[in-house]
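Student: coords please:
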Amino acid sequence: MFARSLRETELFDHADTLGITVGEAFNEAFALLRQTGLRNEYVYRSALTHNLLLGKHSLRTACMLNEFRIGSCKADLIILNGTGTVYEIKSERDSLSRLHNQITNYRKAFGKIYVIAGSEHIDDVLKTTESTIGVLSLTRWNRISTIREAEEVLDFLCPVTIFESLRINEAKIIASELGIKIPDLPNTQMHGFLKEEFSGLPPVSVYNLMLKTLKKSRSLLSLRELILNLPKSLQPAALSVQLRSKDHERLINTMQLPLNEALLWE
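Tutor: Numbering: from 1, shown residues only. Presented below is the predicted three-dimensional model:
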């Protein structure tokens with residue numbers, strides 16, 4: 001499938017395939033996607049991953065969540081370190097029609113929210129969001145520029161919304177930390193029990209314990225060696241797609257193969 005897809009793109013002619021690896025081919029293809037006007041959500045996700053998670057922070061000190069459900073929405077990307085920061089992506093191909101509802105939902109579970117957008121969206125984002133919502137711009141050079149800093153706001157936190165975003169085992173840990181005795185119930189009943197208990201818990205305490213719990217349960221540290229050995233263009237994908245540990249070495253070796261050899265695959 002890889003060979004057929006690559007041939008269909010016509011990105012490389014025969015001469016181009018000589019002397020480059022599969023990994024280098026991915027980097028060259030990604031360079032085309034990064035051109036202004038062509039940038040999709042993955043380009044924005046890549047910029048956030050490299051500038052923030054792997055740049056400002058590290059896999060040892062921070063955790064990243066992709067497509068994390070909050071209420072009726074899914075947050076594009078969340079970085080957890082000392083606090084929880086949501087990053088909502090609005091690429092050149094996106095509309096802003098859902099932004100208000102998305103922010104309303106995100107506030108129920110996280111303290112800081114940024115909208116990262118292309119230059120054509122920036123003015124509208126500034127006009128339609130409150131001053132506590134941060135705004136980032138992905139420049140034509142694919143650097144992240146801060147237009148407005150986000151402020152941490154914890155007034156809208158909703159323990160039930162947080163609960164609905166968690167796995168049952170994560171919710172049990174938080175409830176136990178806050179003094180709730182967990183009964184031996186089947187999962188069908190456990191969900192209802194925990195939801196009821198969360199509804200009476202202090203929001204900020206639930207929030208802080210959520211950050212602590214998710215940093216452990218969703219840690220990406222086990223992917224560190226894989227990330228270090230992948231082409232830069234594929235690192236964001238490797239952090240968001242579940243891959244069995246036994247397949248890590250196979251993927252790394254594939255990226256090092258000559259491209260003209262890979263094009264013979266069927």
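Student: next, count neighbours for residue 255.
Tutor: Per other CB atoms under 10 Å, the neighbour tally for residue 255 reads 19. C-betas here are computed from N, CA, C, even on glycine.
Student: what do you get for residue 26?
Tutor: 19.
Student: ok, the closest residue to residue 190 other than its chain neighbours - contacts?
Tutor: In space, and not counting its chain neighbours, residue 190 is closest to residue 168: 6.2 Å by CB to CB, 6 or more residues apart in numbering. Residue 168 sits next to 187, 190, 191, 194 when contact means CB atoms under 8 Å, 6 or more residues apart in numbering.
Student: likewise residue 84?
Tutor: 78, 109, 110, 111, 112, 207, 210, 211.
Student: all strands for the protein, in order.
Tutor: Shown for the chain, the strands assigned by DSSP state E span residues 63-70, 73-80, 84-90, 112-117, 134-138, 144-148.
Student: as TSV, those strands with mean pLDDT and distance to residue 220 would be great.
Tutor: Putting the strands of the chain into TSV (pLDDT from 0 to 100; distance: least, CB to CB, whole Å) gives the following:
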stretch	mean pLDDT	distance to residue 220
strand 63-70	97	6
strand 73-80	98	10
strand 84-90	97	15
strand 112-117	98	20
strand 134-138	97	22
strand 144-148	97	20
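Student: ok, which of these comes nearest residue 240?
Tutor: Checking the strands of the chain against residue 240 by CB to CB gives strand 63-70 as the closest, at 4.1 Å.
Student: buried residues in that closest one, which are they?
Tutor: By neighbour count on 16 or more other CB atoms under 10 Å, the buried set for strand 63-70 is 63, 64, 65, 66, 68, 70.
Student: same check on stretch 255-266?
Tutor: Neighbour-count burial for stretch 255-266 [16+ other CB under 10 Å]: 255, 259, 262, 263.
Student: quick check: bridge partners of the nearest residue to residue 219 once chain neighbours are set aside?
Tutor: Counting by CB to CB, 6+ apart, residue 219 lies nearest to residue 63, which is 5.8 Å off, once chain neighbours are set aside. Listed by DSSP bridges, the beta-bridge partners for residue 63 are residue 80.
Student: contacting residues around the closest residue to residue 65 other than its chain neighbours?
Tutor: Closest residue to residue 65 in three dimensions, ignoring its sequence neighbours and counting by CB to CB, 6+ apart: residue 78, at 4.2 Å. Going by CB under 8 Å, 6+ apart, residue 78 touches 64, 65, 68, 84, 85, 86, 87, 110.
Student: switch the cut-off to 7 Å
Tutor: By CB atoms under 7 Å, 6 or more residues apart in numbering, residue 78 lies in contact with 64, 65, 68, 84, 85, 86, 110.
Student: for those, give me a markdown table that also has distance to residue 131.
Tutor: Output for those, formatted as a markdown table (distance: CB to CB, whole Å):
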| residue | distance to residue 131 |
| --- | --- |
| 64 | 26 |
| 65 | 26 |
| 68 | 25 |
| 84 | 20 |
| 85 | 17 |
| 86 | 17 |
| 110 | 17 |
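Student: closest one of those residues to residue 235?
Tutor: residue 64 (11.2 Å).
Student: I figured that closest one hits residue 220, correct?
Tutor: Yes. Assessed by CB atoms under 7 Å, residue 64 is found in contact with residue 220 at 6.3 Å.
Student: where do the contact lists of those two overlap?
Tutor: residue 239.
Student: contacts for stretch 216-231?
Tutor: With CB under 7 Å, 6+ apart, stretch 216-231 has contacts from 23-24, 26-27, 59-60, 63-65, 170, 235, 238-239, 248, 252, 255.
Student: biggest separation within those, which pair?
Tutor: Maximum distance among those (CB to CB): 39.6 Å, for 24 and 170.
Student: neighbour-wise, which of those two wins?
Tutor: residue 170 (19 against 16).
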